[in-house]
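Undergrad: What follows is a predicted structure for the sequence shown.
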Amino acid sequence: ITVRDCKFVDVMRNSIRMNSCYDFKVSNNDVTLRKAEVDGQILYGICWLNYASNGLIEGNNIKHGRHGVVHSEDVGYGTSYNIRVTGNTITGTYSAGMATHARLSNVVWANNTIDRCGYGIDIRTENHSVTGNVFTGGFTTIGGVGISLRARAKNITIIGNEFTDFRFAGQLFITGDNLAPSNILISNNGFNNCAHGLWFEQNGTANSDGSINTAEVVGLVISNNRFYGSTAADIKLSAYIKGAVISGNTHTYLGTTKNYPVFLYGCQNCTVENEIMHNSFGIGETDVSVKNAANANVVRVSINNVYRNLTGHNHDVGYKLLNMIGSVKNGKFIGQNINTGRDIIVPSNGTFTAECPVIKINSSKSETIATINALGNDQIVTLRSTDNAKVITLKNGTGNLFMGKDIVLNSTNQAITLVYNDSLWRLISSGT
């Protein structure tokens with residue numbers, strides 16, 4: 001079946017509907033739907049359902065309606081397979097420019113342009129490849145999310161796409177009914193001027209019986225993406241995520257917002273490594289509270305996350321590279337490379353928290369320091385003085401500093417580097 005080079009104007013329901021079709025091609029059509037006013041309206045540009053398989057949807061221009069290209073959410077009688085959606089331009093849909101609902105597998109979404117739609121693409125099934133697409137939100141009442149991955153999304157690759165001007169998130173993950181997305185690769189994408197670049201959100205009391213959804217997202221890899229100018233967080237992972245790998249991403253801020261390149265909420269056994277951060281405000285981690293059926297708080301504890309080889313340039317001295325909040329446990333901090341640190345004014349009790357790898361002690365008088373609070377085992381910190389006239393004395397053995405002897409910093413050219421393990425700071429090096 002071939003539908004090509006047709007023009008559809010002011011369509012009130014579906015322009016092209018492929019029901020139980022096989023070996024179909026829909027190409028180079030021009031479709032203008034009526035503008036949808038509510039989400040439930042059936043205003044589809046191109047849809048297929050009920051075993052419809054081996055299809056190519058290519059080079060179409062679709063405007064308005066609810067969905068541009070969609071695997072229909074009508075009750076289906078079988079799974080559709082092997083669909084390629086490529087080179088289409090979709091503008092101004094109320095909901096998703098491209099969408100899947102149920103009983104669909106093996107779909108390639110490639111080189112499409114999705115402009116100012118409620119979602120760019122909404123995926124709820126398995127085995128999808130999303131490559132080379134351009135998603136533009138425009139910060140309008142539509143254009144909230146570039147890609148939404150729902151609970152049944154599985155075996156998804158998202159590679160080489162561009163996301164620009166989404167007021168909510170470039171990508172959003174939503175769990176539901178004791179299900180969660182799994183085996184997701186997000187790599188080599190660009191996120192430009194989005195609120196969040198990538199946001200996974202545990203969807204509240206998502207189960208149909210009102211209980212809390214404790215299904216864990218597993219197999220999540222986020223690598224080698226570019227984030228520029230986010231107004232919230234670049235990568236925000238919240239609640240039931242386990243074993244995610246975040247690696248090799250580049251984060252650039254405009255200097256006007258105080259955000260995090262990566263923030264983990266209640267995540268466990270995750271690895272954040274080889275991240276490059278320009279004008280950044282730090283990595284964050286905290287526990288998270290969600291509601292159960294009785295509307296009581298249930299705390300998901302962040303535990304056993306590893307932070308390795310993070311590189312920061314031009315950090316704001318008022319912010320922390322590693323911002324640990326709540327009862328975070330067993331975090332590992334290895335091999336950080338931070339160009340600038342944070343000034344610390346030592347409190348009257350001589351105790352402070354080492355909140356970033358380089359700390360410049362900036363006090364109005366000479367200080368004696370016996371105890372430094374740590375963020376976790378394997379943390380490394382370097383201390384410097386900011387004033388030759390203010391002598392900083394680090395006391396050995398009085399608190400949690402174990403250095404063999406007292407060490408005095410009486411010059412801005414001096415520094416001391418310590419590593420924290422088993423409740424003690426131990427000396428790595430000291431001198432000029």
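TA: Arrived safely.

Undergrad: now the most centrally placed residue in the chain, what's its secondary structure?
TA: For the chain, the residue whose C-alpha lies nearest the mean C-alpha position (CA atoms, centre = their mean) is residue 235; its distance is 2.5 Å. Each residue gets one of three states, and residue 235 gets strand by DSSP: H, G, I helix; E, B strand; the rest coil.

Undergrad: How about residue 4: what's its closest non-neighbour residue?
TA: By the measure of CB to CB, 6 or more residues apart in numbering, the closest residue to residue 4 outside its immediate chain neighbours is residue 27, 4.6 Å from it. All C-beta spots, glycine's among them, are computed from the backbone N, C-alpha and C.

Undergrad: which residues does that neighbour bridge with?
TA: Beta-bridge partners of residue 27, counted by DSSP bridges, are residue 4, residue 58.

Undergrad: burial count for it?
TA: 17 (other CB atoms under 10 Å).

Undergrad: How about residue 181?
TA: Close neighbours of residue 181, defined as other CB under 10 Å, add up to 27.

Undergrad: That one and residue 358, how far apart?
TA: With the distance defined as CB to CB, to the nearest Å, residue 181 ends up 38 Å from residue 358.

Undergrad: now swap in residue 147 and tell me
TA: As for residue 147, its distance to residue 358 is 37 Å (criterion: CB to CB).

Undergrad: ok, those two, which is more surrounded?
TA: Neighbours were tallied for residue 147 and for residue 358 using other CB under 10 Å; the higher tally belongs to residue 147 (31 against 22).

Undergrad: Please name the residues that touch that one.
TA: Remark: with contacts taken as CB atoms under 8 Å, 6 or more residues apart in numbering, residue 147 is in contact with 119-123, 130, 135, 158, 161, 163, 170-172.

Undergrad: just residue 404 next, same as before
TA: Shown here is residue 404, whose contacts under the criterion CB under 8 Å, 6+ apart are 396, 427.

Undergrad: do residue 185 as well
TA: Residue 185 sits next to 156, 157, 158, 159, 221, 223 when contact means CB under 8 Å, 6+ apart.

Undergrad: Out of these, who's the most crowded?
TA: Greatest neighbour count in the contacts of residue 185, by other CB under 10 Å, goes to residue 158: 27 neighbours.

Undergrad: ok so, going back, close enough to count as contact, the residue nearest to the centre of the chain and residue 259?
TA: No. At 10.7 Å, residue 235 does not count as touching residue 259 under the criterion of CB atoms under 8 Å.

Undergrad: Quick check: phi and psi at the residue in the chain sticking out farthest from the centre.
TA: Distance to the chain centre peaks in the chain at residue 389, reaching 45.7 Å (criterion: CA atoms, centre = their mean). For residue 389, the backbone dihedrals (degrees, to the nearest 10) come out as phi -80, psi -10.

Undergrad: pLDDT value on it, please?
TA: Note for residue 389: predicted pLDDT of 83.

Undergrad: what do you get for residue 303?
TA: According to the prediction, residue 303 has pLDDT 79.

Undergrad: what about it, distance to residue 267?
TA: Distance from residue 303 to residue 267, by CB to CB: 9 Å.

Undergrad: more crowded one of those two?
TA: Using other CB under 10 Å as the criterion, residue 303 and residue 267 rank with residue 267 on top: 32 against 17.

Undergrad: What pLDDT is listed against the more buried one?
TA: 85.
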